[in-house]
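A.B. asks: A predicted structure for the sequence below; I have some questions about it.
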Amino acid sequence: MIRETTYTGARKNLAALMDQMETDHLLRSPKNAERLQEAIARADAGEGESMTIAQLRAQFGLSGE
């Protein structure tokens, strides 16, 4: 079955697929999966501090490159 889509739609589909592949990769390791689940639970509980990417880069001394 062929489904027509726009270039923008195809890019969105590709981005969603890549996000899922990255998640699958990160969850492959049991220890990493446990860490991620704990982090999600902390975030859902309102713990932690929200930061922008720029703030995280500054905190860890990383350039924007």
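C.D. replies: Now that the structure is in, tell me what you want to look at. Residues are numbered from 1 along each chain as shown.

A.B. asks: Relative to I53, how far out is the residue most central in space within the chain?
C.D. replies: For the chain, the residue nearest the mean C-alpha position is D19 (6.5 Å; Cα atoms, centre = their mean). Going from D19 to I53 by Cβ to Cβ, to the nearest Å gives 16 Å. No exception for glycine: its C-beta is placed from N, CA and C like everyone else's.

A.B. asks: again with A33
C.D. replies: From A33 to I53 the distance is 24 Å (Cβ to Cβ).

A.B. asks: Between the two, which has more neighbouring residues?
C.D. replies: A33 (12 against 9; other Cβ atoms under 10 Å).

A.B. asks: Can you name the residues that contact L56?
C.D. replies: L62 (Cβ atoms under 8 Å, 6 or more residues apart in numbering).

A.B. asks: Kindly indicate whether it is helix, strand or coil.
C.D. replies: helix (DSSP: H, G, I helix; E, B strand; the rest coil).
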